[in-house]
Structures are given as structure tokens and as C-alpha cells.
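Asks: Pasting the sequence and the predicted coordinates here, then a few questions.
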Amino acid sequence: MKGLSYYIPAAAVVAAAAVALCWGAIFIRNLIREKRGRTACIKCKAVGPRAAAYPYLFLIPVVFGKTYGCAQEYLRTHMTPILSKRQIPTGQRACRVEIFECPRCGARQVEITDFLQVRGEEYAKGHYAFDYEAFAPLLEDWERMNHQMEVR
Amino acid sequence: MNNQETEKFQRVGSFFFLLLLGFGVGLPLVAALIITLAGGSFDVGTFLGLTIAFVLIMAFMLLLTVAWGDFTSFFVKRTAKRIDELPYNFNSSFKSRGGMLFIDVENGMIAFISAYNPQEIQVFSASRIERPQTFASAMTGVRFVFYLDGKKITMYTLLSNRAVSLKSGMGAEAVSKADTFVELLQAAKSRAGMGAK
């Protein structure tokens, strides 16, 4: 009669495979959501669509692959608005901000993608979801700048 | 040409040859002598044999370190500390196996410390730069290249012993770095041209 310890290696492999499968499924689910322009609410986890018709673009004073500390604090205090990707200097990182509104609890959040633009292609360096209120002043600055350009 | 400018670009200097001789011949000689004398008496045959063996070993090691660019790294970094003494504002710098490059876009000047002439900071007007461009290959690495007084200078932003996809994060960053420095060189050259007029 074989003891329980005989089955430990097999059990470990099965557990690892189960974890990997769950992780894979969650990853693919998030990818599909992102592709369809939807995301999960950070408060109630309900899936909601993008609230704004266009993404907001900002520059950050970081180059290439450099990292920064607390993302929310750093991005809130260092993002400067730009109107198009053509304004991104070579080697400098930029952020794309999208607004999402939860259909269940009504909470608004911002999804920020920190990317490095290389020869027209974006290479994501970070992806964050934060409460809308913290970034509302920056988004208002962007809207103001956009309006001034349209008036000209 | 102002009086701070180097008249002609010298990639290799006499100090480099002295270092090579010192490490490649001097050090093996001294080591062989010490080992021979440690035996009690000086035997010419033993001394010569040891010298040849040590010279061969040293030659192989020097070949590797010189090719990798690490041989004079210490001297390059030490010389680089003197860059602040120059009357320019070198805001951008890049270190690679071939040496260290400094760019002052505002004044249209560049400075270069060659890995094979590490005692000297060579200063040039950026108008003397020709054909700055990026070369990116998954197999041979990513680098930016420019010509100075007709001599080619290659600065690697990515050099690996395995193939690195240019679409990966590392590859894309290296391409971005190379493109950035090519733009800086072009801007400095353009500025130098405007200054000349």
C-alpha cells in the first residue's frame, strides 16, 4: 500500500498546471476585454466600456527603460499634455490615458498605458488603473489645450 | 576651428601601446623572474620558458579584454571626470566598447574619449561629423555609426552573444537609444553649421 507521500510530486505537478491554466485564462480574458475597449472596475470588478471617444496623450520626463517609484503619484505630478504622437521626442516615454465608467456602480477610472514609441510603434512599459478624480485636473488641462488648438 | 578643438582625430594613442607592452611583456617577464629566483638560483632556460608561457597566456587574455572594450575602461572613466573642465555643456553622453561620446547640441560640439586613446579628450566641432545613422540587426546587434575626419566610429547600444528580436522590449529600447543619439548628432551638426554662418 503506497503512502500519501508517494503522490506528492504528481499532486504538485497537477496543482502547478491548474494555477498556470487559471492564470492563462485570466490573461486571455483581460486581453480580449482590452481589445474590445472594455475593462474591469477597480471597485466592483464589473466590466464596462470606454467613456471617452479618444485617448488622452501625455509626456513624462522618463527615457528609454528607466523606472520610477509610486506610479500614481509620479504620473499625477509629472505628466504634461500633448495633442499627438508626433510631439513625442525620440527616446522619451509617453502615456495614453483612457477613461472608463462602470455600468454597475457608476465609478469612473482612468487606464494609463506608459509606452516608449520606437519608429512609430508603441512598446508598453506599464499599465495602471486609478481613480478618475486624482487625474481629473490633468485631463481638464488636456481638454483646454485641445480646445485652444481647435479654435486656432 | 577654435583652439579647444583637436586638430586630427586619433583613435589609437601611444599610452595604449605602452599599456599593451606593459601587460603583455613586462608583467610576464617580472612574474617569470620572481618564480625563477624563488627556486634559489637563476636558470636561463626556466626563465625563458616561463616568460614565453606567460606571454602567450597574457596575449590571449589581452585579446579578449581589448576586443570586449574593458581593457581601458578604468582610464576612460578617469579621463571622463575632466570633461567638466571644458567650456562646453555636454548634456548627453554615451559609453560603449569603442569609447565615450559627449554631445553639446547648443554649441554644436562633441567630445570623444577613445578606448584606444583613453588619456585624451578629443573635442571636435559637430560640423566634422558625417553620415550618422542607426544600424539594427537581430543577429549583429544595434549600433549607431558616424564618421569623424573620415574615420568610422561605432557605438553599440545592444550587443549580445545571442539573437535579440528588435520587436522585444530590449531590442526596441536599443533602437530607440541609437535613434536618439543619431538625432542629437544631427542636431549638433546643424547647430555647428548655423554657427559657422
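Replies: The structure has been received and is ready for your questions. Residues are numbered from 1 along each chain as shown, chains lettered A, B, ... in the order given.
Asks: Going by C-alpha atoms from here, please, whenever you check contacts or count neighbours.
Replies: Fine.
Asks: How about residues contacting stretch A:12-32?
Replies: A:Thr39 (CA atoms under 8 Å, 6 or more residues apart in numbering or on different chains).
Asks: and it, average pLDDT?
Replies: For stretch A:12-32, the mean per-residue pLDDT is 90.
Asks: So what's the gap between it and the chain middle?
Replies: Centre-to-centre, stretch A:12-32 and its host chain are 21 Å apart (CA atoms, centre = their mean, to the nearest Å).
Asks: now stretch A:131-144
Replies: Offset of stretch A:131-144 from its chain centre (CA atoms, centre = their mean): 16 Å.
Asks: Chain B: helices as residue ranges?
Replies: Using DSSP state H, the helices assigned to chain B run over residues B:14-21, B:27-38, B:44-68, B:73-80, B:169-196.
Asks: Just the buried residues of the second one, please?
Replies: So that's helix B:27-38. B:Leu27, B:Pro28, B:Leu29, B:Ala32, B:Leu33, B:Thr36 (16 or more other CA atoms under 10 Å in any protein chain shown).
Asks: Helix or strand: which one has the closest residue to A:Leu59 other than its chain neighbours?
Replies: Once flanking residues are discounted, A:Leu59 sits nearest to A:Ala94: 4.3 Å by CA to CA, 6 or more residues apart in numbering or on different chains. Using DSSP states H and E, A:Ala94 maps to strand A:92-101.
Asks: The residue nearest to A:Leu59 touches A:Val118, doesn't it?
Replies: No. Using CA atoms under 8 Å as the test, A:Ala94 is too far from A:Val118 to be in contact (11.3 Å).
Asks: Of those two, which one has the most company?
Replies: Neighbours per residue, other CA atoms under 10 Å in any protein chain shown: of A:Ala94 and A:Val118, the larger number sits with A:Ala94, 30 against 21.
Asks: Residues touching the strand holding A:Ala94, excluding its own?
Replies: So strand A:92-101 is contacted by A:38-39, A:41, A:48-52, A:54-64, A:79, A:88, A:107-117, A:132 (CA under 8 Å, 6+ apart).
Asks: got the angle between it and helix B:169-196?
Replies: Inter-element angle recorded for strand A:92-101 and helix B:169-196: 120 degrees (by axes from the mean of the first three to the mean of the last three CA atoms, to 10 degrees).
Asks: quick one: B:Glu130 and A:Ala71, what's the gap?
Replies: Here B:Glu130 is placed at a distance of 41 Å from A:Ala71 (CA to CA, to the nearest Å).
Asks: what's the distance between the closest residue to A:Ala124 other than its chain neighbours and A:Met145?
Replies: The shortest distance from A:Ala124 to any non-neighbouring residue, by CA to CA, 6+ apart, is to A:Phe115 (4.1 Å). Distance, A:Phe115 to A:Met145, using CA to CA: 22 Å.
Asks: who's more crowded, the two?
Replies: A:Phe115 (22 against 15).
Asks: Quickly find the element holding the more buried one.
Replies: Using DSSP H and E, A:Phe115 sits within strand A:108-118.
Asks: Same question for A:Leu59.
Replies: Per DSSP H and E: strand A:56-63 holds A:Leu59.
Asks: ok, which residues in chain A are in contact with chain B?
Replies: Proximity of chain A to chain B, by CA under 8 Å from any CA of the partner chain, involves residues A:Phe64, A:Gly65, A:Thr90, A:Gly91, A:Leu116, A:Gln117, A:Val118, A:Arg119, A:Tyr123.
Asks: Name whatever forms a beta bridge with the fifth one.
Replies: So that's A:Leu116. A:Arg93, A:Tyr123 (DSSP bridges).
Asks: which parts of chain B sit against chain A?
Replies: So chain B meets chain A at B:Gly169, B:Ala172, B:Glu173, B:Val175, B:Ser176, B:Lys177, B:Asp179, B:Thr180 (CA under 8 Å from any CA).
Asks: Just the buried residues out of the residues you listed, in ChimeraX syntax.
Replies: Restricted to buried positions by 16+ other CA under 10 Å, the ChimeraX selection for the residues of chain B next to chain A reads:
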select /B:169,172,173,175,176,177,179,180
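Asks: Where is pLDDT lowest across the residues of chain B next to chain A?
Replies: Ranking those by pLDDT, B:Gly169 lands last with 87.
Asks: Identify each buried residue in stretch A:57-67, please.
Replies: So, applying 16+ other CA under 10 Å, buried residues of stretch A:57-67: A:Leu57, A:Phe58, A:Leu59, A:Ile60, A:Val63, A:Phe64, A:Gly65.
Asks: Nearest to chain B, out of those residues: which one, please.
Replies: Comparing the buried residues of stretch A:57-67 against chain B with CA to the nearest CA places A:Phe64 closest, at 5.8 Å.
Asks: And residue 124, what's its pLDDT?
Replies: In the absence of a named chain, this looks at chain A. The predicted local confidence for A:Ala124 is 92.
Asks: I was after chain B.
Replies: Looking at B:Phe124, its pLDDT stands at 94.
Asks: Can you name the residues bridging to it?
Replies: Note on B:Phe124: beta-bridge partners by DSSP bridges are B:Ile110.
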